Structure formats: structure tokens, C-alpha cells
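Asker: The sequence isn't on hand, but the structure is:
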């Protein structure tokens, strides 16, 4: 039952947006009794919090393409596809985070979880010798992904098919130049 | 009169947020007749559109510190200060862009204008010989600024005093490694 209800929340958000999200609409779409939805989720904030909770419960892992640049590009292609889908649940959840404290907390936790899962990309690159051991994985991952979100979510520029690869390549060049080294062997902060 | 009214819109947005923004509240705060505000701006969307219009009419220019890294760091410090001010008008305007079409258009135009004005940073670096002539200014500027907005606006991480400089430095390293070269002299795309 939770699966149907949360699926209905995502569909309503994607198609109609946060402003139109109601427990009655979600119940009707999910084919579940209104009273059940009200009892379990109480309000729109409760529904949103549970959507984020459920999204974080999946077994998503970043692709393993065999190279740092390939892994980062694959990640960006996934994000670009999610953000430019019509309707885009990802874009709707981000928009909701500017409307509701529950959604803001949910988005924050979800990003944190996704970036933590992506650290394996950096671990693999270190093991392959593509990156120095003391690489700050989080900073590298943010540098490799931020321009894509910046363009699509904040600047609202039309999607550029080259952007996922370009952004990945830029981060790899910066990483190779030592941009994300935490503390080099000689102890001097770069 | 416009100055008072738009000042009141910014103050109301910063302190109370988009949901609480009303023409009556703005008129009262500005000490201007309600009828005048209704006649000239019609609705909240009209007020927001004019706030963005006025913000774009200023004579803001990026600082000239004498180096690419210094210029980009100064830009990021300015953005971080604007986004972490309490209340933050910048953060309120970005949040409003997820609520209203007028605000979304206004934000888009304002970003476009700001990035265009910042291209002089790249021109100066090219003249100083810090960057190759065929550098894609916009891509460099987005790479140098996106992680800061990503962290503060989307990821909502607490402000990190090192972030403005780190992000500037990363972009400079990537630029020096050729990340933003449009088309090198030999005609081969890097």
C-alpha cells in the first residue's frame, strides 16, 4: 500500500507540482481510502518525508565503467536524464524543497546519501592509480556534478548534450592537477 | 517611489518569504498607497519581475584583484556572503524562482546578465597570459561558481569559509590543464 501511495505522490508532484499536492488527490490516484492516507501520513509534509525516505532505501549504485572520467560522465548522464524527463520527479522534489521544511530535510539527506554512495567512484580511481590516495572524494564529486545541476536547476538553461561529459572531464583534469588532494605527502597543504 | 516599493519587496521576501508576500504588506512597509501599488505592479508576480529588473540595472562589476584565482575567489566570497546573510535576499529570490514563473524568468535573466558581466575576468586573465585565448569564459565561470551554489542552495550544507577559495582554485587548475579551451590552434577539439 505504501508503494502505491508514494508512487501516487511522485506522479502528482511530477505532473501537477507541489501546490496541487493534496492527500485527497494522492488517495484517489493510489486507489486507497482517504482515511488511511490521513491516518498514516497526516499531511503533505508527511507524504513528502516518506517519499524521500523510500527513495533513499533503494539499492542504487553508481555505474562502474572502468575509468574515473567514464564513471563521472555516467553519473552526470543519469542526473541530466532525471532532471530533463517530462515530468521530472527529481526536479519536482528539488522544487518542493524550497516550499516545505520536510522536503528540504529530505533532499538534504538524499543528497548526502547519494554522494556517500558515489565515493566508491573515487576509491576505484585511487586503486587504479588514476588519483592520489589523499583525494577528497566529496569535493571531487561535487565539482564533477555541480555545474550540471547549476545549469539545469538554477540557471534553467536548456539541456546541453555535451554537458555531462564536459563536466566530468573538467573534474578529472582538475583532480589530475591536484585540486582535491587533502594533504600531500610532504605535509604542506596544496 | 519605485525604490521604496522594491526595497519593501526585498525586505518582506528576506524576512517573511514568498508565501507571505502581499501587495498590501509591501504597500504598508513602503508607506505607499495600496491603490498605487496595485495600479503599477498589479500582483506579486509584477513586483517580483520589477525587483529582478531593478537588480539587473545596477552597475555591479566583478572585482579586479590582479589574478584569475583572486578574481574568482572574490566573486565566490561575494556570493557566499549574499547567500548566508540573515535574511538573505539572494536566497529568497532563488526560492521564489521555484514558486513563480515571473521569478523564474527574472532569475534566469539576472544570472545571464551576471555571468556576461563576469566574462571580463576571463578576458583579463587571457590578456595577462594566464589563460589561452580560446577559453570558453562561460564554462570556466560556471565551473568556478557552481559548487558554491550547489552546496549552499541545493545541498544546504553549512557555509564553509574555505569553499570560495577552494572552488576558485579548482577552476584555475582545470583551466590551466586546458579544460575550457574551445578549439586549440591545431583545430583539434581537446
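Answerer: Looks like it arrived, so ask away. Note that this is a predicted model, so its numbers are computed, not measured.

Asker: which SS state does residue A:77 fall under?
Answerer: Per DSSP: H, G, I helix; E, B strand; the rest coil, the secondary structure class of residue A:77 is helix.

Asker: should've said residue A:32
Answerer: Residue A:32 is classified as coil under three-state DSSP.

Asker: any idea how far the residue nearest the centre of chain A is from residue A:123?
Answerer: Central residue of chain A (C-alpha atoms, centre = their mean): residue A:111, 5.3 Å from the mean position. Counting by C-beta to C-beta, to the nearest Å, the gap between residue A:111 and residue A:123 amounts to 19 Å. Using the backbone N, CA and C atoms, a C-beta is placed for each residue, glycine as well.

Asker: near chain B, which residues of chain A?
Answerer: A:94-95, A:98-99, A:104, A:107-108, A:111-112, A:139, A:142-143, A:145-147, A:149-151, A:153-156, A:166-167, A:169-171, A:173-174, A:176-180 (C-beta under 8 Å from any C-beta of the partner chain).

Asker: can you rerun that using 6 Å?
Answerer: A:95, A:98, A:108, A:111, A:142-143, A:146-147, A:149-150, A:154-156, A:170, A:173-174, A:177, A:179 (C-beta under 6 Å from any C-beta of the partner chain).

Asker: so what secondary structure elements neighbour the top helix by length along chain A?
Answerer: Using DSSP state H, we find that the single longest helix of chain A is helix A:101-127. For helix A:101-127, the elements it packs on are helix A:44-56, helix A:137-149, judged by 3 or more C-beta pairs under 6 Å, 6 or more residues apart in numbering or on different chains; DSSP states H and E.

Asker: Mean neighbour count, the ones you listed: which tops it?
Answerer: Per-stretch averages of neighbours, counted by mean count of other C-beta atoms under 10 Å in any protein chain shown, single out helix A:137-149 among the helices and strands packed on helix A:101-127, with a mean of 25.

Asker: Which residues outside it are in contact with it?
Answerer: Residues outside helix A:137-149 that contact it (C-beta atoms under 6 Å, 6 or more residues apart in numbering or on different chains): A:72, A:76, A:79, A:115, A:118-119, A:122, A:163, A:167-168, A:171, A:175, A:180, B:142-143, B:146-147, B:150, B:154, B:170.

Asker: Generate the PyMOL command that creates a selection of the buried members of the residues you listed.
Answerer: Buried residues among the contacts of helix A:137-149 (16 or more other C-beta atoms under 10 Å in any protein chain shown), as a PyMOL selection:
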select buried, (chain A and resi 72+76+79+118+122+163+167+168+171+175+180) or (chain B and resi 142+143+146+147+150+154+170)
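
Asker: How about the residue nearest to the centre of chain A, nearest residue that isn't a chain neighbour?
Answerer: residue B:155 (5.0 Å; C-beta to C-beta, 6 or more residues apart in numbering or on different chains).

Asker: Then residue A:18?
Answerer: Using C-beta to C-beta, 6+ apart, the closest residue to residue A:18 is residue A:96 (4.6 Å).

Asker: Now do that neighbour against residue B:159, distance only.
Answerer: For residue A:96, the distance to residue B:159 - C-beta to C-beta - is 23 Å.

Asker: go on, residue A:139?
Answerer: Distance from residue A:139 to residue B:159, by C-beta to C-beta: 15 Å.

Asker: What of residue A:130?
Answerer: 31 Å.

Asker: okay, these two: which has more neighbours?
Answerer: Neighbour comparison, residue A:130 and residue B:159: the larger count goes to residue A:130, with 16 against 13 (by other C-beta atoms under 10 Å in any protein chain shown).

Asker: Would you double-check that the more buried one falls in a strand?
Answerer: No: using three-state DSSP, the assignment for residue A:130 is coil, not a strand.

Asker: Please name the residues that touch it.
Answerer: residue A:68.

Asker: ok, now how distant is residue A:162 from chain B?
Answerer: 10 Å (C-beta to the nearest C-beta, to the nearest Å).

Asker: What is the burial count for that residue?
Answerer: 8.

Asker: Now do the domain split for chain A, please.
Answerer: Domain ranges of chain A: A:2-56, A:68-176, per automatic domain parsing.

Asker: starting at the chain centroid, how far to the longest one?
Answerer: The chain centre lies 7 Å from the centre of domain A:68-176; the measure is C-alpha atoms, centre = their mean, to the nearest Å.

Asker: Likewise for the shortest one?
Answerer: Remark: domain A:2-56 is offset 20 Å from the chain centroid, using C-alpha atoms, centre = their mean.

Asker: Mean confidence (pLDDT) on it, please.
Answerer: On average, the pLDDT along domain A:2-56 is 92.

Asker: again, but for the last one
Answerer: When pLDDT is averaged over domain A:68-176, the result is 95.

Asker: Need the distance between the two termini of that domain.
Answerer: 11 Å (C-alpha to C-alpha, to the nearest Å).

Asker: and if you look at the first one?
Answerer: Domain A:2-56 has its terminal residues 15 Å apart, counting by C-alpha to C-alpha.

Asker: The closest residue to residue A:131 other than its chain neighbours: how many residues sit nearby?
Answerer: Among residues not flanking residue A:131 along the chain, residue A:125 sits closest, at 4.5 Å (C-beta to C-beta, 6+ apart). Using other C-beta under 10 Å, residue A:125 is surrounded by 22 other residues.

Asker: how far away is residue A:125 from chain B?
Answerer: 16 Å.

Asker: again, but for residue A:137
Answerer: Taking C-beta to the nearest C-beta, one finds residue A:137 at 14 Å from chain B.

Asker: got a list of contacts for stretch A:47-55?
Answerer: A:6, A:9, A:41, A:100, A:102-103, A:106, A:110.
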